[in-house]
Structures are given as C-alpha cells and as structure tokens.
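Colleague: Any chance you could fold what I've pasted below:
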Amino acid sequence: MKLKQLKNILFAAMGLIVFASNVQAVEQVVATVNGNPILESQIQRALGKKANTEANRRLALDSIIDDMLVQKAVKESGVKVTAAQLDKIVRNIAAQNGLTYGQLLDALDYQGISLEQFKANITNQIVMSEVRNRSIGKNIDVTREQVEELSKQMLQQAKSSGNPKAVTATQYKVRHILVKLNPLLNDAQAKAQLTQVRSDIISGKTTFAEAAKNNSKDFLSGANGGDLGFAFPENYVPEFAKAVKTTKQGTISAPFKTEFGWHILEVTDTRQGDVTEEAFRQKAYEKLVNQQLQEDAKDWVKALRKGADIQILTN
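Modeller: Here you go, the predicted structure:
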C-alpha cells in the first residue's frame, strides 16, 4: 500500500515537473517593444485557431506590437473627453440628423446600441483621431541631404527642358498657429480660442513661440515656434497666401480659416532677389513631406513604429 502511494506521489511530481517545463517554454520572451516583453503565450492567444506557421506568427506578432504602440500613444496623448462634452456631442448629432434627443435614443435602442456604447464609440473616435494626427506629424523626418539631392534633380530637370526663369519675387518668413476642427471644437470655438491666444501674445502673457508649441496642431512647425521659414505666398493655399500678403510685418493677423482649420500668423521678415535655388529647395522639401504624409496616412500605425525600439528575439 505504501509502495503504491509512493509511486502515485512520484508520478504526480513528474507531472508537475513536465507542467512547469511546458509553462516555462510557453512563457518565452519572443520580442520587446520599448523594453516591454511579448511572450510566447501572447502569440498563441493571438493565433487562436490559425496554424502555427511562420507567416501567421509574424502577423500575430505585428498585431500585438501595433496594439501596444497604439495604447502607449493613447496614454501619452492625454486626450480627455468629459461627460458634459459627450452629452453635447450626442445632442448635436441628434440635431444634425433632424431628431430630438429622445428620438436618437430610440433609434439607438432599435439598433441594439446602448447610450453608453454610443458614447464610448464617440470617445474612441476622438482619441484615436488625435493620436493619429500626432503620430503622423511627429514622425515626419526629412533631412537636409534629401532636400538638397531632390532640389538639384528638380533644378537639373528644369534646365534640361529649357532654362528655368530666375525667381525674383518677394518671399515671406512666416510663423503660424493652427487649430483643427473636431467634434469638440466647432468654427466659433476655434476662432474664439485663437482670438484669446492672439490676445495673450499681444499682452505679453506668452510668446508666439510658446503659444505655437502649446496650441498649434501643425506639430511639425509648432515644435519650432510655428516657424514656416521663407516661402512664396503662392506655395500656400489661397486663404493663407492672402493673409501672408495682407498682414503687416511684425503684427499678428486676426484668426482666419483654411481647409486645414483656423490660423493666426505673423510675418517676421521678407526678402527680395534671385532665389531660384531656394525655390527649388522649398518645392523639394514640400514634395518629400507630402510623400511621407501620404504614406503614413495610409497606415498611420506604422508611423508609431518609427520612434519605437522593437526587438524581435525569436520566431
């Protein structure tokens, strides 16, 4: 009897050893994202019923990495949507669709959607939209070497097709602050916000550079005090070009709207002369930035990877 019990204990112990070994194998670290581990068990859960092939494992790993980066970006964005803001958005949605608040609730109930779910979806859309815009703008990376190389190519092509005209027009050095519209910010509110920012700058409560850094949704220029450098007005959209040409140097324009949102700007300098090469550099820079914006906009989550430390340890 004692011998049988001893065998049972030994078998149970061996089972625990095998189980522990399996757990250790499953919990192998397969990758890290900014130092945070991704475990084999996470890959297995992501695979679900899919075959454990190299291609499927890579897709599962990419999905986990993307989710970690999005959650990190959401946390760092600090975007908050209050209950009062959500209620206002819901009522605006009802009004825009010609419904009373009660009728909207009935319509949601008919579709099997609770008011809490509807508000959660709105919150997620607002947060993700802000994170998307920030990730795309923050990760634009255009080097001086790239600009120089492309501008020379463009200038040479222009010369090959016939001597390019020397550019001798006025260039304006401009800095601006951009506020974009969203479900929480309509035209009137955006204009009012910029009016207050403009007033704070003029009164000396803040500087243009600080205001641009803290308020501008053009994150690329905002990090540089709103500075757009020297450019021809024609390089901008018509409304912006008009404001550039009509704003007296050293003064801050009244808020105005373009297709990108609401702006205020200041012309800080002008210059004349033959700026043909500079004009081609400007065109080259804009072309490179637009290419990156278009690429990142197609899959903005990939833009998050540019600034992440991703280490693949094993497949």
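
Colleague: Enumerate the positions of stretch 127-135 that are buried.
Modeller: Across stretch 127-135, burial judged by 16 or more other C-beta atoms under 10 Å covers 127-128, 130-135. Any C-beta I mention is one placed from the backbone N, CA and C, and that applies to glycine too.

Colleague: Could you find which two of the residues you listed are furthest from each other?
Modeller: Across those, the longest distance by C-beta to C-beta is 12.3 Å; it joins V127 and S135.

Colleague: Q311 contacts T32, correct?
Modeller: Yes. Between Q311 and T32 there is a contact under C-beta atoms under 8 Å: 4.7 Å.

Colleague: Next, work out how far apart the nearest residue to L47 once chain neighbours are set aside and I310 are.
Modeller: Spatial nearest neighbour of L47, excluding adjacent residues (C-beta to C-beta, 6 or more residues apart in numbering): A60 at 5.1 Å. Here the distance between A60 and I310 works out to 15 Å (C-beta to C-beta, to the nearest Å).

Colleague: if you count what's nearby, which of those two comes out ahead?
Modeller: A60 (21 against 14; other C-beta atoms under 10 Å).

Colleague: surely the more buried one meets A46?
Modeller: Yes. Assessed by C-beta under 8 Å, A60 is found in contact with A46 at 3.7 Å.

Colleague: Tell me where this protein has strands.
Modeller: For the chain, the strands defined by DSSP state E occupy 29-33, 36-39, 171-179, 227-231, 256-258, 261-271, 310-312.

Colleague: Redo those strands as TSV? Include distance to Y110.
Modeller: Below are those laid out as TSV (distance: least, C-beta to C-beta, whole Å):
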stretch	distance to Y110
strand 29-33	42
strand 36-39	42
strand 171-179	37
strand 227-231	50
strand 256-258	38
strand 261-271	36
strand 310-312	45
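
Colleague: between those, which one is nearest to N214?
Modeller: Ranking these by their distance to N214 (criterion: C-beta to C-beta) puts strand 171-179 first, at 9.3 Å.

Colleague: and that closest one, what does it pack onto?
Modeller: With contacts defined as 3 or more C-beta pairs under 8 Å, 6 or more residues apart in numbering; DSSP states H and E, strand 171-179 has these neighbours: helix 187-203, helix 208-215, helix 219-222, strand 227-231, helix 238-246, strand 261-271.

Colleague: With mean pLDDT, mean neighbour count and distance to Q282 added, can I get those in JSON lines?
Modeller: What follows is the helices and strands packed on strand 171-179, written out as JSON lines (pLDDT from 0 to 100; neighbours: other C-beta atoms under 10 Å; distance: least, C-beta to C-beta, whole Å):
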{"stretch": "helix 187-203", "mean pLDDT": "95", "mean neighbour count": "15", "distance to Q282": "26"}
{"stretch": "helix 208-215", "mean pLDDT": "95", "mean neighbour count": "18", "distance to Q282": "20"}
{"stretch": "helix 219-222", "mean pLDDT": "90", "mean neighbour count": "19", "distance to Q282": "14"}
{"stretch": "strand 227-231", "mean pLDDT": "92", "mean neighbour count": "18", "distance to Q282": "6"}
{"stretch": "helix 238-246", "mean pLDDT": "95", "mean neighbour count": "16", "distance to Q282": "14"}
{"stretch": "strand 261-271", "mean pLDDT": "95", "mean neighbour count": "19", "distance to Q282": "13"}
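
Colleague: Output the below-cut-off pLDDT ranges for this protein.
Modeller: Residues of the chain that meet the criterion pLDDT under 70 lie in 1-26, 135-139, 163-164, 273, 295-299, 303, 314-315.

Colleague: Domain-wise, how is it divided?
Modeller: Annotated domains of the chain cover 80-136, 168-274 [the TED database].

Colleague: Nearest residue to G35 in space, ignoring adjacent ones along the chain?
Modeller: Counting by C-beta to C-beta, 6+ apart, G35 lies nearest to D309, which is 7.0 Å off, once chain neighbours are set aside.
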